[in-house]
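> whatever this is, show me its structure:
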Amino acid sequence: MAKKQNKHSFLARKNIVISARRYGIDALGAMAQGLFASLLIGTILNTLGTQLGIEALVTVGGYASSMSGAAMAVAIGYALQAPPLVLFSLVTVGTAANQLGGAGGPLSVLFIAIISAELGKAVSKETRVDILVTPLVTILAGVGLSSLIAPAIGKAASSVGTIIMWATNQQPFLMGIIVSVVVGIALTLPISSAAICAALGLTGLAGGAAVAGCCAQMVGFAVMSFKENKWGGIVSQGIGTSMLQMGNIVRNPFIWIPPILTSAVTGPLATCLFRMQMNGAAVSSGMGTCGLVGQIGVYSGWVADIAAGTKAGITGMDWAGLLLISFVLPAVLTPLFAVPLRKMGMIRDGDMKLN
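Numbers count the residues shown, from 1 in each chain. Here you go, the predicted model:
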């Protein structure tokens, strides 16, 4: 009993909290921010530089993208409240895990950065030579784990993503619904849909369906709650995140039905009618209209496909699909799906009011 109490006391003293929330929500969400501040921004700058003929933007974008592993690991360490020496050491850990993880690098970084950060926290300030011990433990553990398990984690994540993308190509209608609904729900939940898409390398038609689901949630909630939240709600939810509605969803789950139904419609329309693909960065698949990252990702994919010779040019159908799936249909369908629920008293005025 005393030994168990000592263990709990040590973990509490080191701020090591082993929980699904700490690792599955806090760390995962932070990883998405790290991706945003590196790979995603790099992709946007690269696209702008290429289209505008500004070589400097392309160069900066390349630097930003190349630091994605380090940025993810440091973001995870920050979420785990790692002390400075551990946090700085995670730069090396993230770089190794991302590179050795290959296409599934982000998932490798998530697991390995969490373990390395917690080990680093465990030894932090336990010796007189902390400035040597803490970085050594963090880096050796991280790089060692990267060598041992990152390739396997990366391959597993990549395989799952490949299966989803293959299934979407084979059954675009059914998988369009499933991917759109699931990723859209993940976006509104306090987890990171962007990190999930990045970890699985979700691109192609499946990525397009993911974009559709995210847009259905964000634009859908923004327009459906316009009476309560006005233009501020349009911006905060439509360009920010539908996660702001999570508290209201807990109080009244019925308000979630219209955006989910919308995603079940726009997903298969994206895959079957418009053949909308996300061939930009996989993380963009889970961003929706947040900063218009999803749309920029689709566009950067068009540009890359044209450069590779797999696409002749950007057509009017491409633009129509992107605008309808991202903005028009979610803005129209979600309030319509809400009408019968309002008439039955399942959704009431004020249910979607943001504080």
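> need the nearest residue in space to residue 208, chain neighbours excluded.
If the residues on either side of it in the chain are set aside, residue 208 comes closest to residue 276, at 3.8 Å by C-beta to C-beta, 6 or more residues apart in numbering. For every residue, glycine as well, the C-beta is placed using N, CA and C.
> surely that neighbour touches residue 320?
No: between residue 276 and residue 320 there is no contact under C-beta atoms under 8 Å: 10.1 Å.
> so those two - more neighbours on which side?
residue 276 (26 against 13; other C-beta atoms under 10 Å).
> so that one: helix, strand or coil?
Using DSSP: H, G, I helix; E, B strand; the rest coil, the secondary structure recorded for residue 276 is coil.
> make 58 the starting number, not 1.
Will do, 58 is the new start, and the previous item becomes residue 333.
> got the contact list for it?
Residue 333 makes contact with 262, 265, 268, 269, 327, 355, 375, 378, 379, 382, according to C-beta atoms under 8 Å, 6 or more residues apart in numbering.
> and it, how close does it get to residue 382?
The gap separating residue 333 from residue 382 is 6 Å, by C-beta to C-beta, to the nearest Å.
> next structured bit after the helix or strand hosting residue 133?
Using DSSP states H and E, the element containing residue 133 is helix 125-136. With elements assigned by DSSP H and E, the helix or strand that comes after helix 125-136 is helix 141-158.
> centroid-nearest residue for this protein?
Taking C-alpha atoms, centre = their mean, the centroid of the chain lies closest to residue 251, which sits 1.0 Å from it.
> are we agreed that that residue is in a helix?
Yes: under three-state DSSP, residue 251 sits within a helix.
> I'd like the distance between it and residue 328.
Going from residue 251 to residue 328 by C-beta to C-beta gives 20 Å.
> what of residue 144?
Distance of residue 144 to residue 328, computed by C-beta to C-beta: 41 Å.
> compare these two (neighbour count), which wins?
residue 328 (29 against 21).
> do I have it right that the more buried one meets residue 261?
No: contact between residue 328 and residue 261 fails when scored by C-beta under 8 Å: they sit 9.7 Å apart.
> residue 120: how many residues sit nearby?
Using other C-beta under 10 Å, residue 120 has 11 neighbouring residues.
> thinking again about what came up before, identify the contacts common to residue 333 and residue 382.
Taking C-beta under 8 Å, 6+ apart as the criterion, residue 333 and residue 382 both touch 265, 268, 269, 327.
> mind putting those residues into TSV with neighbour count and pLDDT?
Shown next, in TSV, are the shared contacts of residue 333 and residue 382 (neighbours: other C-beta atoms under 10 Å; pLDDT from 0 to 100):
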residue	neighbour count	pLDDT
265	33	97
268	36	97
269	38	97
327	34	97
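> for these, which one is nearest residue 309?
Within the shared contacts of residue 333 and residue 382, the smallest distance to residue 309 is 24.8 Å, found for residue 269 (C-beta to C-beta).
> OK, contacts around the closest one?
Residue 269 neighbours (C-beta under 8 Å, 6+ apart): 233, 237, 241, 320, 323, 324, 326, 327, 333, 382, 383.
> in helices only, show me those residues.
Mapping these onto helices (DSSP state H) picks out 233, 237, 241, 320, 323, 324.
> and residue 224, how many residues sit next to it?
Close neighbours of residue 224, defined as other C-beta under 10 Å, add up to 16.
> next: the one 10 residues further on.
Other residues lying near residue 234 total 21 when counted by other C-beta under 10 Å.
> repeat that for residue 365.
9.
> residues in contact with the residue nearest to the centre of the chain?
By C-beta under 8 Å, 6+ apart, residue 251 lies in contact with 89, 92, 93, 244, 340, 341, 342, 343, 344.
> now for the nearest residue to it once chain neighbours are set aside: which residues touch it?
Nearest non-adjacent residue to residue 251, counting by C-beta to C-beta, 6+ apart: residue 343, 3.8 Å away. Neighbouring residues of residue 343 by C-beta under 8 Å, 6+ apart: 89, 240, 243-244, 249-255, 259, 267, 271.
> circling back to that earlier point, and the residue nearest to residue 265, how far from residue 258?
18 Å.
> report pLDDT for the residue nearest to residue 251.
Listed pLDDT for residue 343 reads 90.
> and it, backbone torsions?
Here is the backbone geometry of residue 343 (degrees, to the nearest 10): phi -100, psi 20.
> ok, residue 401 next?
Backbone torsions of residue 401, given as degrees, to the nearest 10, read phi -80, psi 0.
> quick one: neighbours of it, just the number.
9.
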